[in-house]
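# Quick one, structure for this:
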Amino acid sequence: MGRRSERLSKQGMLASDLAGEGDVIQVVSRAFDVLRCFEGHEARLGNLEISSRCGLPRSTVSRLTHTLTRMGQLVYLPRDQKYRIGPSAVAMSTSMMKGLQLRNLIRLRLQDVADQLPGTVGFVIPDRYHLVYLEFARAANALGLHEGTGSRISMTSTAAGFAYTAALDTDVGNALIAEMEREIPENAAQLKARIEDNRRHLREHGYVVGCGTWSPHINGCAVPIWSPQYQTFVVVTIGLLAAMFDERRLHQEVAPQMLELGVAIGGLLEGAEGDIFANRIERKPLPARPHNNKIIKTEDTNELEAGARRARSARSVRARDGRR
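Numbers count the residues shown, from 1 in each chain. A predicted model of the protein is given here:
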C-alpha cells in the first residue's frame, strides 16, 4: 500500500482521490466534474475558473486538466492560458449522437406542444445535481426562456428538478437531498422545503409545477417519465412567462397538455430498441392518456413497482443515474 501511495504521489495524484465513497473512485468523479464546467464547445476556461465552478482546489484542478489534456479530452490554448473541450470528448459525444431517429420523434412531440403554448418545451435527463436538455422546442412567440440542447438547469429550483426528485423512491430522494446539503447547502434548502408537497402533488395529479422558483418571471410545469433504457426518470418540462401563465393557468391549461406529452414520449421510449441514441425504432401504438392523472409510467405497473420504486440503497441508484 505504501508503494502504491508513493507512486500516486510521484504522479501528482492524491491517494485519497482513489479512496472515494463506497464504490466511487473520486479522481474519476472529479475529472467529470471538470468536464461538466465546459457547457459549450466554444467555452474557454482557466484553472482558476474551473476551480471556482466545481469547488475543487486549484492544485487538484491543475493535475486533472493536465491529465485530461494528455488524453485529448481538453485542449490547452497557450495564448489565452485557458482550456477548451478537446477532440476526444467531441468524438465521444458524436458517436453517441449518430442515431437520431428517436430524438427526432421526441422533438416533433415537443413541437406539437410548443405550437399550442408560447413557451420552451424540453426533454431533460438527470446529471448529478442538474438536468440537461437533450431536446427542446420553442414557440415562435416564446419569451423569457432560451434554453437549448445541452443546456443545464438546476435540480433544486426548477419544475423539472422538482418533478424528477419527487418521482424518485423516497429513500433515494432523501439521500440525494442529503448529498446536496453537503455539496450545495443553499440550493438544497429550497428543494428540501418543498419536497413533501411535490411528492404529494405528483402522486395525486401526475405532474409538478414551479412558480417563480428559478426566475421570478418564469413559471414551469413538468412530468417525470420512467425510462426503461436508463432505469431512471427523465422529464418533459415547459417554461412560460409568469405574467401570461399564473399558477391557475398552469393547472388548468398547461398540465393537461404536458400529461398527454408525457404519455406520448413514454410510448416512444417504451418502443425504442436499445437506448435513446439507437438507430432503429419499432413504432408502437401510443398508450391512452391515464384518466386518474397518476405519474406517467411506460411499463406494466407491477414491473415498475418491482424494479423502479422498490427501496434501494442510495448509492446504487446514484450510480445508475451517473451521479457521484
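# Report the secondary structure state of Gln239.
Just so we're on the same page, residue 239 is Gly rather than Gln. strand (DSSP: H, G, I helix; E, B strand; the rest coil).
# you'd agree it is up against Gly119?
Yes. Judged on C-beta atoms under 8 Å, Gly239 makes contact with Gly119 at a distance of 5.4 Å. The C-beta positions use only the backbone N, C-alpha and C, and glycine is treated the same way.
# what's the helix or strand for Ile225?
Using DSSP states H and E, Ile225 sits in strand 218-227.
# Just the C-alpha atoms of that strand, please, in PDB.
Only the C-alpha atoms of strand 218-227 are listed here, as PDB (Å, rounded to 0.1, in the frame of the first residue of the first chain):
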ATOM      1  CA  ILE A 218     -40.800  32.200 -15.300                       C
ATOM      2  CA  ASN A 219     -43.400  29.500 -14.300                       C
ATOM      3  CA  GLY A 220     -43.000  25.900 -15.200                       C
ATOM      4  CA  CYS A 221     -44.800  22.600 -15.300                       C
ATOM      5  CA  ALA A 222     -43.100  19.200 -15.600                       C
ATOM      6  CA  VAL A 223     -43.900  15.500 -15.900                       C
ATOM      7  CA  PRO A 224     -41.500  12.700 -15.000                       C
ATOM      8  CA  ILE A 225     -41.400   9.600 -17.200                       C
ATOM      9  CA  TRP A 226     -39.800   6.300 -16.300                       C
ATOM     10  CA  SER A 227     -37.100   5.300 -18.900                       C
END
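# How far away from the center of its chain is that strand?
Distance of strand 218-227 from the chain centroid (C-alpha atoms, centre = their mean, to the nearest Å) equals 12 Å.
# Same check on stretch 50-58?
21 Å.
# For it, give me every contacting residue.
30, 33-34, 36-37, 45, 47-48, 61, 64-65, 83, 183 (C-beta atoms under 8 Å, 6 or more residues apart in numbering).
# among those, which are in helices?
Per DSSP state H, helices hold the following members of these: 30, 33-34, 36, 47-48, 61, 64-65, 183.
# Can you tell me which of the residues you listed are buried?
Those of these that meet the buried threshold are 30, 33-34, 36, 47, 61, 64-65, by 16 or more other C-beta atoms under 10 Å.
# Can you lay out the residues you listed as TSV showing pLDDT and distance to Gln257?
As requested, these are exported to TSV (pLDDT from 0 to 100; distance: C-beta to C-beta, whole Å):
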residue	pLDDT	distance to Gln257
Arg30	88	41
Asp33	86	37
Val34	89	39
Arg36	84	32
Asn47	93	46
Val61	93	44
Leu64	93	44
Thr65	92	45
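# ok, so of those, who is nearest Ser215?
Nearest to Ser215 out of those is Arg36 (C-beta to C-beta; 22.0 Å).
# I'd guessed the closest one sits against Tyr129; true?
No. Look at Arg36 against Tyr129 with C-beta under 8 Å: they stay out of range, at 10.0 Å.
# domain ranges for the chain?
25-85, 94-276 (the TED database).
# Comparing the ones you listed, which comes out most buried?
When those are scored by mean count of other C-beta atoms under 10 Å, the highest mean neighbour count falls to domain 94-276 (a mean of 19).
# Which element, helix or strand, includes Asp171?
Judged by DSSP H and E, Asp171 forms part of helix 170-183.
# Let me see the mean pLDDT of that helix.
Confidence for helix 170-183, expressed as mean pLDDT, is 93.
# and what of stretch 129-142?
For stretch 129-142, the per-residue pLDDT averages 85.
# Walking through this structure, point out its helices one by one.
So, for the chain - with DSSP H - the helices run 2-10, 16-19, 26-36, 47-54, 58-70, 87-96, 101-114, 159-167, 170-183, 185-205, 247-249, 255-271, 301-307, 314-320.
# pLDDT score for Glu18?
Let me fix one detail, which is that residue 18 is Leu and not Glu. 36.
# my guess is Gly161 contacts Leu191, does it?
Yes. Proximity of Gly161 to Leu191 meets the contact threshold set by C-beta under 8 Å, at 7.0 Å.
# so what's in contact with the two at the same time?
Shared contacts of Gly161 and Leu191, counting by C-beta under 8 Å, 6+ apart, come down to Met155.
# so Tyr207 sits right up against Ala255, yeah?
Yes. Assessed by C-beta under 8 Å, Tyr207 is found in contact with Ala255 at 5.2 Å.
# any shared contact partners between those two?
Cys221.
# gap between Ser157 and Gly122?
15 Å (C-beta to C-beta, to the nearest Å).
# Could you list every helix and strand that the helix holding Asp171 packs against?
Under the contact criterion of 3 or more C-beta pairs under 8 Å, 6 or more residues apart in numbering; DSSP states H and E, helix 170-183 touches helix 159-167, helix 185-205, helix 314-320.
# Ala137: which of those is closest?
Per C-beta to C-beta, nearest to Ala137 of those: helix 159-167, 14.8 Å.
# tell me the average confidence for the closest one?
Here the average pLDDT along helix 159-167 is 97.
# now, among the contacts of stretch 50-58, which is nearest to Ala175?
Nearest member of these to Ala175, counting by C-beta to C-beta, is Glu183, at 12.7 Å.
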